[in-house]
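Peer 1: Any chance you could fold what I've pasted below:
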Amino acid sequence: MQARQITQGRDREGFDPTAYEYVYRYVTAEDDKVCPDCISTDGSTFPGAYILQEFPYAEHLGNGVWLVNRHLKCRCLLICDQMVETCAEKLSFEISLS
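Peer 2: Prediction:
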């Protein structure tokens, strides 16, 4: 019951994709059109709190995925690999506080 109330509250308040605890992995299209800057960043990780500082034109697509928009025609993404685990940890912590 507590978990349901907490998650319903989160749904009303909205998910904050720039929360520090979410870590995003930089992923390129992995083809011959990827630019050298993006290739050098492929696989790097960034805390959610720094996404808009590092990539000011990034666009949140939802479900833990960002379109980087690092340059014109950029197809790179930032993907939150551990979102399910992080959400479960946060929920467990919030239940322990109530």
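Peer 1: Extract the residue ranges of the protein that are flagged as low pLDDT.
Peer 2: Residue ranges of the chain with pLDDT under 70: 1-15, 20, 82-94, 98.
Peer 1: Tell me where it has helices.
Peer 2: Secondary structure of the chain (DSSP state H): helices at 2-13, 36-41, 51-54, 83-97.
Peer 1: Tell me how many other residues surround the closest residue to Phe46 other than its chain neighbours.
Peer 2: Among residues not flanking Phe46 along the chain, Tyr24 sits closest, at 5.2 Å (C-beta to C-beta, 6 or more residues apart in numbering). No exception for glycine: its C-beta is placed from N, CA and C like everyone else's. Using other C-beta atoms under 10 Å, Tyr24 has 28 neighbouring residues.
Peer 1: close enough to count as contact, Tyr24 and Tyr50?
Peer 2: No - at 9.2 Å, Tyr24 and Tyr50 do not qualify as touching, with contact defined as C-beta atoms under 8 Å.
Peer 1: Next up, phi/psi of Ser44, please.
Peer 2: Note on Ser44: backbone dihedrals following degrees, to the nearest 10 are phi -70, psi 160.
Peer 1: What residues does it make contact with?
Peer 2: 25-26 (C-beta atoms under 8 Å, 6 or more residues apart in numbering).
Peer 1: how near is it to Cys76?
Peer 2: Distance of Ser44 to Cys76, given as C-beta to C-beta, to the nearest Å: 11 Å.
Peer 1: Neighbours of Pro37, how many?
Peer 2: Let me fix one detail, which is that residue 37 is Asp and not Pro. Burial measure for Asp37: 11 neighbouring residues, criterion other C-beta under 10 Å.
Peer 1: That one contacts His71, doesn't it?
Peer 2: Yes - at 7.5 Å, Asp37 counts as touching His71 under the criterion of C-beta under 8 Å.
Peer 1: wait, doesn't Pro17 sit right on Glu59?
Peer 2: No - judged on C-beta under 8 Å, Pro17 makes no contact with Glu59 at a distance of 10.7 Å.
Peer 1: Identify the contacts common to the two.
Peer 2: Trp66.
Peer 1: Between the two, which has more neighbouring residues?
Peer 2: Higher neighbour count among Pro17 and Glu59: Pro17, with 21 against 10, using other C-beta under 10 Å.
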